[in-house]
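Chemist: dropping a prediction and its sequence here:
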Amino acid sequence: MFSRQALAASWKDVRPYFIFALILFFAAMVVGGTPNGATDFMKDQVRSMEELAHQTEGADNPQLAFFWLIFKKNVQACVMTMYLGIGAGIFPLFTMTLNGMLIGFLFGTMAHEGLPVAQLVVKGILPHGILELPALFLAAGFGMMLGVGVLKGVFGSLFGKTDPWQLFVRSIRGSVPALVVLIVLLLLAAVVESTVTYSLMS
């Protein structure tokens with residue numbers, strides 16, 4: 001499961017889904033950044049993010065509290081995105097669309113108000129985003145692959161195909177080392193976000 005050959009085979013399986021997750025995310029960013037993307041739902045999501053950020057302000061060590069909050073939330077989100085994909089891959093599709101539209105909405109709102117979007121990208125997203133976003137895409141990729149594996153298994157069984165659950169089994173096996181990689185990436189991302197990003201945005 002953790003051998004080089006197994007990891008390479010697992011990456012080969014999930015790569016198309018990883019790429020699709022990446023494309024969906026950035027397509028959703030474009031949609032969220034349009035004037036029509038400013039829905040009440042998006043505004044509610046932004047308010048939720050602001051409330052989340054304010055939770056650490058009264059802590060004795062705000063940076064440490066911010067680190068644990070970000071790490072816990074990101075791990076929870078990625079695990080859910082990965083394993084709730086078992087429901088026909090719907091949840092990871094929703095997650096990619098929502099996150100992309102939310103980032104696009106923030107960028108669009110800032111641009112409309114004349115605020116420095118490039119500065120937000122460089123200081124507020126890029127330092128930790130280069131670790132956090134690939135982790136999210138990987139989680140979504142495995143989530144979608146699990147969903148496809150379930151669909152192939154169910155319909156393959158109904159139509160009498162040989163070994164219809166093969167993709168699903170490979171997805172479950174591959175998700176275990178992928179989860180280890182995700183946790184390491186998210187741990188590093190939380191460290192960067194609670195130190196470098198925190199300092200830059202302050």
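Modeler: Cool, got the structure.
Chemist: ranges for the strands of the protein?
Modeler: Listed in chain order, the chain contains no strands at all (DSSP state E).
Chemist: could you point out the longest helix in this structure?
Modeler: Of all the segments of type helix in the chain, defined by DSSP state H, the longest one is helix 126-158.
Chemist: packing partners of that one?
Modeler: With contacts taken as 3 or more Cβ pairs under 8 Å, 6 or more residues apart in numbering; DSSP states H and E, helix 126-158 sits against helix 4-32, helix 62-83, helix 90-112, helix 166-192. From N, CA and C alone the C-beta is placed, and that goes for glycine too.
Chemist: now those helices as CSV including mean pLDDT and distance to Ala139?
Modeler: Shown next, in CSV, are the helices and strands packed on helix 126-158 (pLDDT from 0 to 100; distance: least, Cβ to Cβ, whole Å):
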stretch, mean pLDDT, distance to Ala139
helix 4-32, 91, 8
helix 62-83, 88, 4
helix 90-112, 89, 7
helix 166-192, 93, 6
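Chemist: including mean neighbour count, could those helices go into TSV?
Modeler: Formatted as TSV, the helices and strands packed on helix 126-158 follow (neighbours: other Cβ atoms under 10 Å):
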stretch	mean neighbour count
helix 4-32	17
helix 62-83	18
helix 90-112	20
helix 166-192	18
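Chemist: now the ones you listed as TSV including distance to Gly141?
Modeler: Output for those, formatted as TSV (distance: least, Cβ to Cβ, whole Å):
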stretch	distance to Gly141
helix 4-32	4
helix 62-83	9
helix 90-112	8
helix 166-192	8
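Chemist: from Ala8, how far out is Leu179?
Modeler: Going from Leu179 to Ala8 by Cβ to Cβ, to the nearest Å gives 17 Å.
Chemist: I meant Arg15, not that one.
Modeler: Arg15 sits 10 Å away from Ala8, going by Cβ to Cβ.
Chemist: same deal with Thr34?
Modeler: Separation of Thr34 from Ala8 (Cβ to Cβ): 40 Å.
Chemist: what's the answer for Val154, then?
Modeler: 28 Å.
Chemist: check Thr97 too.
Modeler: Counting by Cβ to Cβ - Thr97 and Ala8 are separated by 30 Å.
Chemist: please pick out the residue of the chain most distant from its centre.
Modeler: Each residue of the chain has a distance to the centre, and by Cα atoms, centre = their mean the biggest one is for Gly160: 35.7 Å.
Chemist: read off the pLDDT value for it.
Modeler: The confidence metric pLDDT takes the value 81 at Gly160.
Chemist: cool, and Gln45?
Modeler: With respect to pLDDT, Gln45 has a value of 71.
Chemist: do the same with Thr195
Modeler: Note for Thr195: predicted pLDDT of 83.
Chemist: could you do Thr39 as well?
Modeler: Model confidence at Thr39, given as pLDDT, is 68.
Chemist: where's the residue nearest to the spatial centre of the chain relative to Phe159, distance?
Modeler: Among the residues of the chain, the one closest to the centroid is Leu136, at 2.6 Å (Cα atoms, centre = their mean). In this view, Leu136 and Phe159 are 34 Å apart by Cβ to Cβ.
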